[in-house]
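*Asks:* Got a sequence here, can you model it:
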Amino acid sequence: MQIMAMAMKERRPPRVVLHLDLDCFYAQVEEVRNPALRGRPMGVSQKFLLVTCNYAARALKVPKMVPVAEARAVCPDLIVINGEDLTPYRHASQAIYQVVRTFTDRIERLVLDELYVDATELVADRRRRGACTPGRFEGYTVGRSGASAPIDSAAQEAAAAVAAAWRAAEPASAPADAAVDEGEEAETLAVGSQLLAEIRQAIYDRVGYTCSGGVSVNKLLAKLASNLRKPNQQSVLLPAAVSALLPPLPVQKLTGIGYRLTGQLRDGLHVETVADLLRFPQAYLVDKFGTRIGEFLYDIARGIDRAEVVATGAPKSISEEDSFMVCNSLDDARRKLESLAESLLVRVDEDADAFGRHPTQFRLGARITDAASVARATSEGGAAEYYFARTTKTVPFPLDMLDRRAADVPTRARTLVTGTALPLLRRLIGDAAGGGFNITLLNVCATTFDDAPPATTIKGFFASKPPTAPPAAAPPPADTNRDAPRPSPPADWDPNVLAELPEDIRAELLAGAAAAEPKSDSTTSSIDLSVWNALPPEVQAELATAGPYRHLVPGGAKSPAPSERSAMTKSTAATPASGTAKRARTATAASGTRDLRAWMTKP
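*Replies:* Residues are numbered from 1 along each chain as shown. Reported below is the predicted structural model:
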């Protein structure tokens, strides 16, 4: 009664959370890519396993997560498509996400084929504007009197107490005297079901995918609801049905209870189902598992989930991973790493286009076994933990690997592996290499992203340089053409940086800066004659073609011929350059003079 009284005094407005789950996602992607596969038994494999299959195959009792040979024994006509390259699945997931974003940006992506939507504000807005059908539930409904899934009166009464406990546990945002309105909650979720139906239809109409969905007051219940009716259907789960729906479920069906916690509950408390977990008071669970996990277990068994829908932004890391039975040589590891590195760099490039950022850390992970360590782990009863354990090492991401103009993806991937990944792997193997080793998993990861431009162009390199005092003027080299002036650099350029650049790059930058200036009769008066005179004749000739300096060379000028340009480049390359000069050349090759000019600006 006290709980019910609390619920009557305080409650927040009902939340509306949607959960969308794409139907047999990998198989459906292949059907969208090749419509001829529709209606035929088909599955997607990774390594030797059939990881999923379409509903035509499931109708023939083809199982999932079994060896391909076993699946084909059940259905000899099964079409099996290799799904180890996740690129098409990532693209499909992104296309679906973009469709949902046309409704709201309150979206949390779980994996490629699942997402949550916080529809609370959308539903409230629709109800204010009357843009909905009051009282109409779309799809299957659980916990409503007369709905498609009635529950008996005893369960209904118990469910009401559980629902009240949930509302009492939620933080209150309504006035203290606000009353619980079961009808209001049901009406809000009804409108949420209408919205979910529209989103699912939009996904099908625009990109051709079907999905199942759930609507409820929190993430836990919405996800449970989406599993009630599949494929291509949706369900609404009202809090009144919690006490009837949850107790029979295995505890691992609840969000947040994974493999390890399931084992602890089973071995320590003999808990297999939610009903078993409900027998323990909160104080006991806190004493057994600690405050955070104990309170979580107590709440989740009662359908209480306080987790917010966290809008998904740019990922915190990008990784590629592969597992195998045998990889016991560095040559074999190198080949596997090059394949992973290619996929990683493609995704890093796509991420840079989407979010304008770059990774600053590279992490290599591996699961490495040797005979002695396996024997030791097994004898200590920790074989399972050892099998799932992995070791990692992290180093700064080699930023030249981000330079798309310098080389293609396969070339950059080979360089990344040779210069960074393999040395890290040797360190991870350590002493095991002397007595033989076997790698069963490799992971390459780009992480710790920075929104600043990477130092693969002059802009990124000079963006981090602090202002410095101008260097002492050096005497100009001897030159045969000292009568024509040369432009001085813009005032906001760093003279230290300019002085360290190779002469040909410096000249090209100055030419571009001059061309960007408005033309006027006062051009000559703004030119530093001593700097102009220091230029070789062929550079002066090239600058003279840029625009405002054409008149400075008698009779005009022509750009150097290709052979002359080649000779100039070779001559310059043969001259020892400072660190700045080397990086400037790399950046120029990668990004061109336009980026060089941008990076010359003083910070």
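*Asks:* what's the spacing between Asp205 and Lys253?
*Replies:* To Lys253, Asp205 is 32 Å away according to CB to CB, to the nearest Å. Just so you know, the C-beta spots here come from the backbone N, C-alpha and C atoms, and that holds for glycine as well.
*Asks:* Neighbour count: these two, which is higher?
*Replies:* Set Asp205 next to Lys253 and count neighbours by other CB atoms under 10 Å: Lys253 wins out with 16 against 9.
*Asks:* surely that one meets Leu245?
*Replies:* No - if you go by CB atoms under 8 Å, Lys253 and Leu245 don't touch, sitting 10.5 Å apart.
*Asks:* How about Cys53, nearest residue that isn't a chain neighbour?
*Replies:* Gly43 (3.6 Å; CB to CB, 6 or more residues apart in numbering).
*Asks:* hang on, the earlier thing: what do Lys253 and Leu245 both touch?
*Replies:* With contacts defined as CB atoms under 8 Å, 6 or more residues apart in numbering, the residues shared by Lys253 and Leu245 are Leu224.
*Asks:* quick one, domains of this structure?
*Replies:* Split into domains by automatic domain parsing, the chain comes to 2-152+173-242, 251-300, 317-450, 458-600.
*Asks:* would you list every one of the helices in the stretch 51-200 of the chain?
*Replies:* Counting by DSSP state H, counting those that start in this stretch, the stretch 51-200 of the chain has helices at residues 55-59, 68-74, 87-101, 120-129, 153-169, 182-207.
*Asks:* Now do the third one and helix 182-207, the angle between them.
*Replies:* Here the directions of helix 87-101 and helix 182-207 differ by 130 degrees (axes from the mean of the first three to the mean of the last three CA atoms, to 10 degrees).
*Asks:* list the buried ones in helix 87-101?
*Replies:* Tyr89, Ala92, Ser93, Ile96, Val99, Val100 (16 or more other CB atoms under 10 Å).
*Asks:* Could you do the first one as well?
*Replies:* Using 16+ other CB under 10 Å as the test for burial, helix 55-59 gives Tyr55, Ala56, Ala57, Arg58.
*Asks:* Kindly report the same for the last one.
*Replies:* For helix 182-207, the neighbour count (16+ other CB under 10 Å) marks 185-197, 199-200, 203 as buried.
*Asks:* where are the low-confidence patches of the stretch 451-600 of the chain?
*Replies:* Counting by pLDDT under 70, the stretch 451-600 of the chain shows low-confidence ranges at 453, 455-600.
*Asks:* Any regions of the protein where pLDDT drops low?
*Replies:* Along the chain, segments meeting pLDDT under 70 span 1-13, 145-182, 370-388, 431-435, 453, 455-603.
*Asks:* try 50 this time
*Replies:* 1-10, 146-180, 377-378, 381-386, 431-433, 457-485, 517-526, 546-548, 555-603 (pLDDT under 50).
*Asks:* which of the buried residues of helix 87-101 lies closest to Arg33?
*Replies:* The shortest approach to Arg33 among the buried residues of helix 87-101 belongs to Ala92, at 8.6 Å (CB to CB).
*Asks:* buried sites along the strand or helix carrying Leu425?
*Replies:* Assigned by DSSP states H and E, Leu425 falls within helix 422-429. For helix 422-429, burial by neighbour count (16+ other CB under 10 Å) applies to Leu422, Leu424, Leu425, Leu428, Ile429.
*Asks:* Redo those as JSON lines? Include distance to Pro14.
*Replies:* Formatted as JSON lines, the buried residues of helix 422-429 follow (distance: CB to CB, whole Å):
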{"residue": "Leu422", "distance to Pro14": "56"}
{"residue": "Leu424", "distance to Pro14": "51"}
{"residue": "Leu425", "distance to Pro14": "53"}
{"residue": "Leu428", "distance to Pro14": "51"}
{"residue": "Ile429", "distance to Pro14": "56"}
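*Asks:* Neighbours of the nearest residue in space to Ala69 that is not next to it in sequence, how many?
*Replies:* The spatially closest residue to Ala69, leaving aside those adjacent along the chain, is Phe48, at 7.9 Å (CB to CB, 6+ apart). With neighbours defined by other CB under 10 Å, the count for Phe48 comes to 11.
*Asks:* Use 52 as the first number for this chain going forward.
*Replies:* Sure, I'll start numbering at 52, so the last one becomes Phe99.
*Asks:* and Phe99, what does it touch?
*Replies:* Phe99 makes contact with Pro118, Val119, Ala120, according to CB under 8 Å, 6+ apart.
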